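Visitor: Mind looking at a prediction? Sequence and model below.
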Amino acid sequence: MTLRDGFNFAQTNPAWFVFFFVILPIIALLVGWISKDMGNESPWKEVYGCLIYLVCVPGIFAITLNIYLFLFERQSVFDANLVLQVLPIISMIVTLQIIKYHVNLDLIPGFKKLSGLVMIIFFTICIMWFIDRTHIYAIAFLSFPAVIGIFVVLFLVVRYGWYLLMKKG
């Protein structure tokens, strides 16, 4: 099964994906209602952590997919698939806002690793875009040390994101 096959399945069976992305904010509301003011304590932190990962991984993937399609494939915004490209992002934002209302996100185990992952993905896309946009004639206007400097800075930022991703805590 390829990624295209998965997207085709999602387009032909959108009800499963809509249900998944609509139920996550509802579950976050229910967990917040049940946990009351105990969201910072042990069993509820893990439940919130699972909810965050369930909603953030597809949301981050959707954001990355959108950036790739709009920057590299030159896809029009009007051709965006609402179920795969918009709904995960909306669900992620709504769910994170609900969870943030009930618990401090810094206390959720592994939440900082997600921000490190986002930073790595963002700067990797920046590097890819820079490589895609620079042609031989564009590099001729820059000195070679300037090009190397740009790559070193981008590498250090990606390395810092990797550090945040792998850091314990």
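Guide: Structure received.

Visitor: Tell me how many other residues surround residue 159.
Guide: Residue 159: 12 surrounding residues under other C-beta atoms under 10 Å. Backbone N, C-alpha and C define where each C-beta goes, glycine included.

Visitor: name the element it belongs to?
Guide: Assigned by DSSP states H and E, residue 159 falls within helix 144-166.

Visitor: Counting by contacts, list what that helix packs against.
Guide: helix 111-133 (3 or more C-beta pairs under 8 Å, 6 or more residues apart in numbering; DSSP states H and E).

Visitor: Put the alpha carbons of the helix it packs on into PDB.
Guide: C-alpha atoms of helix 111-133 as PDB (Å, rounded to 0.1, in the frame of the first residue of the first chain):
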ATOM      1  CA  PHE A 111       4.900  17.300  24.800                       C
ATOM      2  CA  LYS A 112       8.300  19.000  24.400                       C
ATOM      3  CA  LYS A 113       9.300  16.100  22.000                       C
ATOM      4  CA  LEU A 114       6.500  17.100  19.700                       C
ATOM      5  CA  SER A 115       7.800  20.700  19.500                       C
ATOM      6  CA  GLY A 116      11.200  19.300  18.700                       C
ATOM      7  CA  LEU A 117       9.700  17.200  16.000                       C
ATOM      8  CA  VAL A 118       7.900  20.200  14.500                       C
ATOM      9  CA  MET A 119      11.100  22.200  14.500                       C
ATOM     10  CA  ILE A 120      13.000  19.400  12.700                       C
ATOM     11  CA  ILE A 121      10.300  19.000  10.100                       C
ATOM     12  CA  PHE A 122      10.000  22.800   9.600                       C
ATOM     13  CA  PHE A 123      13.700  23.300   9.100                       C
ATOM     14  CA  THR A 124      14.100  20.200   6.900                       C
ATOM     15  CA  ILE A 125      11.400  21.600   4.700                       C
ATOM     16  CA  CYS A 126      13.200  25.000   4.700                       C
ATOM     17  CA  ILE A 127      16.400  23.300   3.600                       C
ATOM     18  CA  MET A 128      14.500  21.300   0.900                       C
ATOM     19  CA  TRP A 129      12.900  24.500  -0.300                       C
ATOM     20  CA  PHE A 130      16.200  26.400  -0.400                       C
ATOM     21  CA  ILE A 131      17.800  23.600  -2.400                       C
ATOM     22  CA  ASP A 132      14.800  23.400  -4.700                       C
ATOM     23  CA  ARG A 133      14.800  27.200  -5.300                       C
END
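
Visitor: No more questions from me, cheers.
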